[in-house]
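**Q** Here's my sequence, what's the structure:
(chains A and B)
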Amino acid sequence: MAKITMREAISQALMEEMDRDPAVFIIGEEVGVWGGTYAVTKGFYDKYGPDRIKDTPIAENAIIGAAIGAAMVGQRPIAELMTINFAFSAMDYIVNQAPKLHYMFGGQFKVPMVIRAVGGGGRQLGATHSQTPDAIFAHFPGLKVVSPGTPEDAKGLLKSAIRSNDPILFIEHATMYQVRGDVPDEEYLIPIGKSKVQRAGKDVTIVTYCKGLELSMKAAEDLAKEGIEVEIVDLRTLRPLDMEPVLESFKKTNRAVVVEEGWKSYGVGSEIVSRIYEEAFDFVDAPIIRVAQKEVPLPYNRTLEQAALPQVPDIIAAVKEVLK
Amino acid sequence: MPETINMPKLGFDMAEGTLIRWVKQVGENINKGDVLAEIETDKATVEVESPASGVVLQHMVDQGAVVPVNAPIAVVGNAGEKVDAPAAAPQKTESKPDEKQAEQPADSSQPPPKADEKPATPLTPAAAPVAQTKSTPQPEPPAPAATETDGHVKASPLAKKIARDNKVDLSHVQGTGPGGRVVRKDVEAALSSGQPSAASRPSTTAASAQVNVTQEDQVIQTTKLRQAIGRRLVESKQAIPHFYVTHEYKMDALMAMRKQANEYLPDNEKLSVNDFILKAVALTLRQFPNLNATIKGTEVIQFGHVNVGVAVTVTGGLMTVVVKDTDQKMLRQISAEVKTMAGRAREGKVKPDDVDGSTFSTSNLGMYDVEDFIAIINPPEAAILAISSAREVPVVENGEIKPGWRMKATVSVDHRVSDGAEAAQFMQKLAEFLENPVRMLV
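**A** Sure, this is the predicted structure:
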């Protein structure tokens, strides 16, 4: 096991899959000569050349449209969106074309495409470049949405995503590229659509993913000092959503907090809470609380930005609230 | 010397009351007899009067708190006097306005009072305290009683399931969750301490069959008072073996005497037939102490006083006001007391003393032209008298048919305490007073 960063883990996954399958190529803004805005594809251009590492103009609908077309004729494109906020410029391709082609043409076409997109706030990029719109994309059947919270999961899930024959939106968090974690030395895959218990506990279940996992792990450590044992279930994939580990944990603890970085209204937390009420109503011992971003466009000012984003003390307070 | 004021007991089955409003704040002057606070039981909203004059030195519970009977609620003394704080009353915390709502100003106004918590009857809390919470941060709304509101037990789904699986009656489980919610650990605690199971207890809903509500039907939330009546009478009818004895009384003499007496009385003091009956019942009970009693296990407790209860119709149900030592009071006094107490009951301002301590109850439907009816015993009493209308009917006397005033009354008696013969003798003895009313005066 090596301790590597999220950036290295994603980079390794991309390189391993490009080495493995010549149909895999990367297309996006600044992915080639510059090496990627977050330096994930540094060195790729020199190794694989302009045919497999394609720099594009600033035209997201062109990037995704080209990727879809390539995928339909047998390639395995990895389209990179510098930030997920730019996905809105390509919304029709992402939610209205890619997820539906296989379905609407009677299975004649497959769209084995991965869209890597960088989401999340906290880097003072302003209201339009700091969003966490994961729930919007997870709303559409046919589009798989993956968002890992550890380097190990990022690598294993991205490799599975590249090998998948379905369109997949793979969301990475802008503030997590330096997060370090153990990653197996040998090759491995992590199946898409499987939630995972990242920390065992017995008092309360935190359901979360991506950045929320990092925050929740810290909160759990603080709470453990007070004798509160938190179990953390990491969704890892928002669609298809795997509720089994969530329900199993909830049936044990009977109390839950859902942590997400996006806005609370109509969010991932809303979905999780509904599912728990629908599928484990008789196990509910206290109202389930959502911790999420304040319902404002994210401020640029650092203090305000941090105040608007969910933080560790918010999670601790929520856990104590549901334990009342 | 500061005086501690306790939660009063309003009736034998009251275990706790909700302090819905402080009328006098800390630091305010108060005279003996002034209203200090309003409390709510499942029967009524009642004003608590200060037994002392001085300054309100301390509130020992918050508005909205559910406080056990006889637990201290406030201290009154001289200004600046030091309070030797008595042990604070154990109180269940009521649900507080959700602080988290503050981040969403558009949605953060006080949740509107639920319709089912605000019965139309003035006997239950008025909306005023709720309105106040908007302007002042401190007072809390008169939140529902912790574990049982409108017959609904506040419990988590998990607690309900465990209770269902183990046949635990949740209404008897003390909730420790927010707002008194019963949660898993409460049910588990109840299970380990051997709570009575639902199966062994009468249920107010047991007899209700499944009803399909259609659009044409109207669904009306029952008042707390109605629910309290329901609970008590289900208990009474299921636990007490009732038997009934009916007797017909000749009322000619009493009607004549009443007419005569009322000629000397101003309109607002006129005596009712019922006033005479109360006096007659009280005098008869002195000779039948076994019917002026209660049963406790294997013992019958015959009360030392004769306090006759009078059922009074109020909005949303009925209440029993009590004439203390009815047997020793003059007719005019009985009449005045019943009028005053019934008035307070109808206004929802009944005093603790008004409804406490009855030893035998009466229910009079005479004003509705009723031939005969029977009443359910008001626990813990051993008997109740149902009084019907005095009617002018054809009667046979000495072989002749002629008009006469007759009135039927039916006594319901607890068979664990008494038998038919004793009840019949009681009804006969009552006739001696009702049919020769002058006996009541001597």
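**Q** Please count neighbours and contacts with C-alpha atoms only from this point.
**A** Noted.
**Q** residue contacts, residue B:311?
**A** Contacts for residue B:311 (Cα atoms under 8 Å, 6 or more residues apart in numbering or on different chains) come out as B:318, B:319, B:320, B:321, B:361, B:362, B:363, B:364.
**Q** Ok, residue B:279 next?
**A** The neighbours of residue B:279, taking Cα under 8 Å, 6+ apart as the test, are B:326, B:327, B:329, B:331, B:334, B:440.
**Q** let's go with 7 Å and repeat that
**A** Listed by Cα atoms under 7 Å, 6 or more residues apart in numbering or on different chains, the contact partners of residue B:279 are B:326, B:327, B:331.
**Q** same question, residue B:365
**A** Taking Cα under 7 Å, 6+ apart as the contact definition, residue B:365 lies against B:387, B:388, B:389.
**Q** please redo it, this time with the cut-off set to 8 Å
**A** Neighbours of residue B:365 in contact, by Cα under 8 Å, 6+ apart: B:386, B:387, B:388, B:389.
**Q** before we move on, the earlier item: output the contacts of residue B:311 in TSV, with pLDDT, neighbour count and distance to residue A:55 appended to each entry.
**A** Shown next, in TSV, are the contacts of residue B:311 (pLDDT from 0 to 100; neighbours: other Cα atoms under 10 Å in any protein chain shown; distance: Cα to Cα, whole Å):
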residue	pLDDT	neighbour count	distance to residue A:55
B:318	88	17	84
B:319	90	23	86
B:320	92	22	89
B:321	95	29	91
B:361	97	28	95
B:362	97	24	96
B:363	96	23	94
B:364	96	21	96
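**Q** Could you list the residues of chain A in contact with chain B?
**A** In this structure, chain A approaches chain B at residues A:254, A:281, A:282, A:283, A:284, A:285, A:286, A:294, A:324, judged by Cα under 8 Å from any Cα of the partner chain.
**Q** wouldn't residue B:250 be in contact with residue B:409 here?
**A** No. Taking Cα atoms under 8 Å as the contact criterion, residue B:250 and residue B:409 are not neighbours in contact, 11.3 Å apart.
**Q** Comparing these two, which shows the higher neighbour count?
**A** For residue B:250 versus residue B:409, neighbours defined as other Cα atoms under 10 Å in any protein chain shown are more numerous around residue B:409 (24 against 20).
**Q** so the more buried one sits in a strand?
**A** Yes. Inclusion of residue B:409 in a strand is indicated when DSSP: H, G, I helix; E, B strand; the rest coil is applied.
**Q** Can you classify the closest residue to it other than its chain neighbours as helix, strand or coil?
**A** Distances taken as Cα to Cα, 6 or more residues apart in numbering or on different chains put residue B:387 closest to residue B:409, at 4.5 Å, once the chain neighbours are dropped. When classified by three-state DSSP, residue B:387 comes out as strand.
**Q** Quick one: classify residue B:74 as helix, strand or coil.
**A** strand.
**Q** one step back: if we only consider the contacts of residue B:365, which is nearest to chain A?
**A** For the contacts of residue B:365, the closest approach to chain A (Cα to the nearest Cα) belongs to residue B:386, at 47.7 Å.
**Q** How about the residue of the stretch 51-200 of chain A found nearest chain B, nearest residue that isn't a chain neighbour?
**A** Residue nearest to chain B within the stretch 51-200 of chain A: residue A:127 (19.0 Å; Cα to the nearest Cα). If the residues on either side of it in the chain are set aside, residue A:127 comes closest to residue A:298, at 4.6 Å by Cα to Cα, 6+ apart.
**Q** got a list of what that neighbour touches?
**A** With contact set as Cα under 8 Å, 6+ apart, residue A:298 has these partners: A:121, A:126, A:127, A:130, A:131, A:305, A:308, A:309.
**Q** List only those of these flagged as buried.
**A** Members of those that pass the buried threshold by neighbour count (16 or more other Cα atoms under 10 Å in any protein chain shown) are listed as A:121, A:126, A:130, A:131, A:305, A:308, A:309.
**Q** Helices of chain A, residue ranges please.
**A** Taking DSSP state H, the helices of chain A run over residues A:6-20, A:44-48, A:60-72, A:91, A:101-104, A:134-138, A:151-163, A:211-225, A:244-253, A:268-279, A:302-308, A:312-322.
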